[in-house]
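# How does the following fold in three dimensions:
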Amino acid sequence: MTDNSLLEDFVDETREHLEELESSLLRLEGNSADPELLNTIFRSMHTIKGASEYLGFERIARLTHRLENLLDLFRDGSLPADKVAVDLLIDARDRIGDLISQVEESGQESAEIDDLLERVEAIASGPAPAGGEAEAEGVYEGEADTELFDIFIEQLATGIEQLLETAGQMARGEAVAQAAKEMADQVDRLAGTANYMGYDALSTVYDDMLAALEAFASRSEAAGADDIDELLQSAVVSGVGRIQGLFPDAESLTTIDTRIAVQTTDSESASRENENNDQMLDEENPHLSMEMDNALDLESEDASPQTPIAQEADNSLLEDFVDETREHLEELES
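Reported below is the predicted structural model:
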């Protein structure tokens, strides 16, 4: 659980930054190219992001991380901070304020941020080409170098399967903190290949997943089953689904079943059920349980290796088979 004094400091300092953001964003509407103003807004977002990641507030961390990336595009001149962008920043500032109020009251985030993340992605992607002939934004159907693309998809599918396998360990409560760290490392490696290929939309997915995993890692020791399930659903399963949507023609990706990330295997469930049934039987009727154990021992003895006589019989059958087969082969030859 987050220390109360740290939580209070976080709430107070974040509200101060939100007040600064409010005045800065109002000024940005009339002076969108002011570099110093953009730097001031960026620093406030960066500070809120760092504190929220440290304290494990995943939604605030994800939102501010994406806004930080968007502000970088404004600062380096890649995109203009037009009215649509400023409206988004104002709405995001208000949503962070809502999340902070929820954190102060209950220690939990409940306000949704997906709508804002979609708006961030739409602005960061830039305007669609004129003529309406462009492919759907962020959908990758292949490369001129088909061999390179095939290798990339193969490695991506393998990486996602490994990620889901680690997520499955976390879902079963196995070394949760270590699993969170391992998943972050796995996503980071996948992000490296996305950057190499120049897939910005894919890199954005990895950014969101990393932000969520890093925020969770800071509080993993105190995380309960509900916290783990929320992380796996909102970050891992959702993230993999977004990746699959980016490569609709890659069968090795689209056929991956993300349910393994949140479900215990059938064999493990059956094993536990059998153990529970055996324990109940021992408690209810120990004599019956002993008789069943003896019967199982007898069955085990009956299933012992064959006697030499049986083995000799098998050998004679084998010899007959070999002789008869050779005769048929000779007939086939002629």
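# from memory residue 205 sits against residue 239, does it?
Yes. Look at residue 205 against residue 239 with Cβ atoms under 8 Å: they come within range, at 5.5 Å. For glycine as for every other residue, the C-beta is placed from the backbone atoms N, C-alpha and C.
# the more surrounded of those two?
residue 205 (24 against 21; other Cβ atoms under 10 Å).
# Near the residue nearest to that one when sequence neighbours are not counted, how many other residues are there?
Nearest non-adjacent residue to residue 205, counting by Cβ to Cβ, 6 or more residues apart in numbering: residue 242, 4.9 Å away. Residue 242: 17 surrounding residues under other Cβ under 10 Å.
# same thing with the one 4 residues further on?
Applying the criterion other Cβ under 10 Å, we find 21 residues in the vicinity of residue 246.
# State the distance from it to residue 197.
11 Å (Cβ to Cβ, to the nearest Å).
# same deal with residue 186?
17 Å.
# Compare neighbour counts for the two and give me the winner.
Higher neighbour count among residue 186 and residue 197: residue 186, with 20 against 16, using other Cβ under 10 Å.
# Now do that one, the pLDDT please.
On pLDDT, residue 186 comes in at 91.
# I'd say it and residue 162 touch.
Yes. Between residue 186 and residue 162 there is a contact under Cβ under 8 Å: 6.0 Å.
# Tell me which helix or strand the residue nearest to residue 205 sits in.
helix 238-246 (DSSP states H and E).
# What are the contacting residues of whichever helix or strand comes after that helix?
Downstream of helix 238-246, the first helix or strand assigned by DSSP H and E is helix 251-254. By Cβ atoms under 8 Å, 6 or more residues apart in numbering, the surrounding residues in contact with helix 251-254 are 153-154, 156-157, 160, 243-244, 247-248.
# quick one, what contacts the residue nearest the centre of the chain?
Per Cα atoms, centre = their mean, the C-alpha nearest to the average position across the chain is that of residue 236, at 1.6 Å. Contacts for residue 236 (Cβ under 8 Å, 6+ apart) come out as 163-164, 167, 183, 209, 258, 261.
# what's the closest of the residues you listed to residue 59?
residue 209 (13.7 Å; Cβ to Cβ).
# Once you drop chain neighbours, what's closest to that closest one?
residue 239 (4.3 Å).
# and the one you found, how far is that from residue 186?
Residue 239 is 11 Å from residue 186, by Cβ to Cβ.
# So which elements touch the helix holding residue 242?
helix 146-171, helix 200-217, helix 251-254 (3 or more Cβ pairs under 8 Å, 6 or more residues apart in numbering; DSSP states H and E).
# Point out the most buried one among those helices.
By mean neighbour count, with neighbours taken as mean count of other Cβ atoms under 10 Å, helix 200-217 ranks first of the helices and strands packed on helix 238-246 at a mean of 22.
# Next secondary structure after that helix?
Using DSSP H and E, the first helix or strand after helix 200-217 is helix 225-231.
# And that next one, what's buried?
227-228, 230-231 (16 or more other Cβ atoms under 10 Å).
# Now do it: which elements does it pack against?
Using 3+ Cβ pairs under 8 Å, 6+ apart: helix 225-231 touches helix 146-171, helix 200-217.
# For those helices, could you give me TSV that also reports mean pLDDT and distance to residue 326?
Shown next, in TSV, are the helices and strands packed on helix 225-231 (pLDDT from 0 to 100; distance: least, Cβ to Cβ, whole Å):
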stretch	mean pLDDT	distance to residue 326
helix 146-171	89	46
helix 200-217	87	61
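# Can you name the residues in contact with the helix or strand hosting residue 20?
Assignment of secondary structure by DSSP H and E places residue 20 within helix 4-28. Contact partners of helix 4-28, identified using Cβ under 8 Å, 6+ apart, comprise 34, 37-38, 40-41, 44-45, 47-48, 51-52, 55, 81, 86, 89-90, 93, 96-97, 100, 103-104, 107.
# So for that helix, what gets flagged as buried?
For helix 4-28, by 16+ other Cβ under 10 Å, it's 7, 10, 14, 17-18, 21, 24-25, 28.
# Tell me the first helix or strand C-terminal of it.
Using DSSP H and E, the first helix or strand after helix 4-28 is helix 35-55.
# Straight-line length of stretch 76-91, end to end?
23 Å (Cα to Cα, to the nearest Å).
# and what of stretch 225-239?
Start-to-end, stretch 225-239 (Cα to Cα) is 20 Å.
# ditto for stretch 72-84
End-to-end distance of stretch 72-84 (Cα to Cα): 16 Å.
# What's the local residue count around residue 59?
Per other Cβ under 10 Å, the neighbour tally for residue 59 reads 25.
# Contact partners for residue 61?
49, 52-53, 211-212, 214-215.
# where's it, which helix or strand?
Per DSSP H and E, the secondary structure element for residue 61 is helix 58-75.
# Surely residue 88 and residue 121 touch.
No. With contact defined as Cβ under 8 Å, residue 88 does not reach residue 121; the gap is 10.8 Å.
# between these two, what contacts are shared?
Common neighbours of residue 88 and residue 121 (Cβ under 8 Å, 6+ apart) do not exist.
# Now the phi/psi pair for residue 223, please.
Residue 223 adopts backbone torsions of phi -70, psi 140, taken as degrees, to the nearest 10.
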